[in-house]
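Student: Show me how the following folds:
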Amino acid sequence: MFCRVGKTLFAFSQIPLPGSAQSVTVRCLFAQTSMGIDGYIKTRERIKVQFLNLADNFRSKMLEFTNPTSNNMIFTEDLKSMVHLVENKPEDVELLQNMISRFNRQNKELRFGSFIFGPVVMRAFHYLNAPQVALKLFKDPELDGFFDQLVSYQVLMDLLYKNSMYKEVLEVFDIIQGKQIHGPKYPKNVVILAMASCYKMNTKEYLDYAMNAWKKMLELGHTPVRRAVTFAAALAINQNSPHIALEILSCTQHPNYITVRNLKVAALADLGRASDALPILRHIIETDVPEQTKQTFTMDVFDKLKRAVNENGNQDLVKEFRNIEHCLREGGHISDKVLDEHLCSEITVPNLPGRQMDDRNRAGFQDSLHQKPQYNYRNAPPRHYRQSLKDME
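Tutor: Alright, predicted model coming up:
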């Protein structure tokens, strides 16, 4: 079985690549709510009100303090504010980058805050749709460790995916594998985005890449989640490897889910085993409950199976298929959507890894908006102290 795969299953035949059936519309794979961007946007709105008449003064101060000749420090509250005030303007983005670099270089003995900046910075770049800047900072050796949170990885990879930067998604995925982070070596949302990018690129090279990653995950005891399973299986089908797709699909515990069901039918059709797909169709008819959500087959998968049945030439099979088709159409079980729409549908799971820490980050930040900033030093030289904008109010 592919869930406990042997090496021989990774030897693919050299078959000419089929035409891509990918959707031309690219969007985020994860919903804003599942990445915490909704919370980031709400905080931005509150910060804009708080800094209504101070934003320009604040930016000027930060430009002065990030000057290489300046001895002033960038405090935690400064960076918190700027990451929520930043606008989609080159000068603002550059200022934020310089503040992050300055903040990270400062003597660590002078910082005792528990605020984790990686996720909120990545959300800011996602909001601004600035994938190149986000990737540049992630790969900056001077910021090593700054973005080492599962949420930061997910938000960055989703931003790259949104901008069709699929090779860069896999570049980030490879970098993550080389890091020693707390938690699983193959975080589920990171794996989903990697498999989705392989699916989007739809080549033999990236099928091999996906299967090699899959093998490593299984060797470490990781079982990929359904969305990763369906992207990998769909890629295998698109690359004329339906036998691999069937083995991948055997890993999921959700055989009746719409994408799993359709992919299995498509794989059987491509293998010339149309008769083995008919029980799947009959099951939908037999278990139809009017008050429940309709279980359906997408029009492209159903058409593929219909062609396979006709090409088989077995008249008994053709007759049985026509009877089943009549029942499916009458019951509304054939949709007008294509499989790609379901595969790439937005993921809206609200509880993402690290969200609890992010909520504490936000709670602490909101409290700080209503009190004078108190900086915690350990024998910090007096020359580092300066008035903040809150002191100037």
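Student: okay, now residue 67: neighbour count?
Tutor: Residue 67: 12 surrounding residues under other Cβ atoms under 10 Å. Just so you know, the C-beta spots here come from the backbone N, C-alpha and C atoms, and that holds for glycine as well.
Student: ok, now residue 235?
Tutor: Neighbours of residue 235 (other Cβ under 10 Å): 28.
Student: now swap in the one 3 residues further on and tell me
Tutor: Residue 238 has 22 neighbouring residues, counting by other Cβ under 10 Å.
Student: do you know how far the closest residue to it other than its chain neighbours is from residue 270?
Tutor: Distance criterion Cβ to Cβ, 6 or more residues apart in numbering; nearest residue to residue 238, sequence neighbours excluded, is residue 202 at 5.3 Å. To residue 270, residue 202 is 15 Å away according to Cβ to Cβ, to the nearest Å.
Student: what's the answer for residue 231, then?
Tutor: On the measure of Cβ to Cβ, residue 231 and residue 270 end up 17 Å apart.
Student: Between those two, which is the more surrounded one?
Tutor: Between residue 231 and residue 270, residue 231 has the larger neighbour count (other Cβ under 10 Å), namely 28 against 20.
Student: ok, now which ones touch the more buried one?
Tutor: 192, 195-196, 198-199, 343 (Cβ atoms under 8 Å, 6 or more residues apart in numbering).
Student: and which of those is nearest residue 257?
Tutor: Residue 257 lies nearest to residue 343 out of these, by Cβ to Cβ, at 11.3 Å.
Student: so how many other residues sit close to that closest one?
Tutor: 22.
Student: Tell me which residues touch it, please.
Tutor: 199, 230-231, 234, 259.
Student: Next one: it relative to residue 125, how far apart?
Tutor: On the measure of Cβ to Cβ, residue 343 and residue 125 end up 26 Å apart.
Student: Test my guess that residue 201 contacts residue 166.
Tutor: Yes. Under the criterion of Cβ atoms under 8 Å, residue 201 makes contact with residue 166 at 5.1 Å.
Student: excluding its backbone neighbours, what's nearest residue 243?
Tutor: residue 271 (6.6 Å).
Student: and that neighbour, what is it in contact with?
Tutor: 242-243, 246.
Student: follow-up on the earlier one: next, work out how far apart the residue nearest to residue 238 and residue 232 are.
Tutor: When residue 202 is compared with residue 232 (using Cβ to Cβ), they lie 12 Å apart.
Student: what do you get for residue 138?
Tutor: 25 Å.
Student: Repeat that for residue 223.
Tutor: Distance from residue 223 to residue 232, by Cβ to Cβ: 13 Å.
Student: and the two? which has more neighbours close in?
Tutor: residue 232 (28 against 14).
Student: who's in contact with the more buried one?
Tutor: Taking Cβ under 8 Å, 6+ apart, one finds 195, 198-199, 210-211, 214, 224, 248 in contact with residue 232.
Student: Retrieve the pLDDT associated with it.
Tutor: We have a pLDDT of 98 for residue 232.
Student: secondary structure element for it?
Tutor: helix 226-238 (DSSP states H and E).
Student: Off-centre distance for that helix?
Tutor: Relative to its chain's centre, helix 226-238 lies at 15 Å (Cα atoms, centre = their mean, to the nearest Å).
Student: try stretch 330-343
Tutor: Averaging C-alpha positions (Cα atoms, centre = their mean) puts stretch 330-343 24 Å from its chain's average.
Student: for that stretch, which positions count as buried?
Tutor: 333-335, 338-340, 342-343 (16 or more other Cβ atoms under 10 Å).
Student: Residue 265 and residue 333, how far apart?
Tutor: For residue 265, the distance to residue 333 equals 12 Å [Cβ to Cβ].
Student: what do the two both touch?
Tutor: Common neighbours of residue 265 and residue 333 (Cβ under 8 Å, 6+ apart) are residue 297.
Student: Run a quick neighbour tally on residue 43.
Tutor: Neighbours of residue 43 using other Cβ under 10 Å come to 20.
Student: and residue 264, what does it touch?
Tutor: Each residue near residue 264 by Cβ under 8 Å, 6+ apart is listed here: 246, 249, 255, 277, 280.
Student: is it true that it lies in a helix?
Tutor: Yes. With DSSP: H, G, I helix; E, B strand; the rest coil as the criterion, residue 264 is part of a helix.
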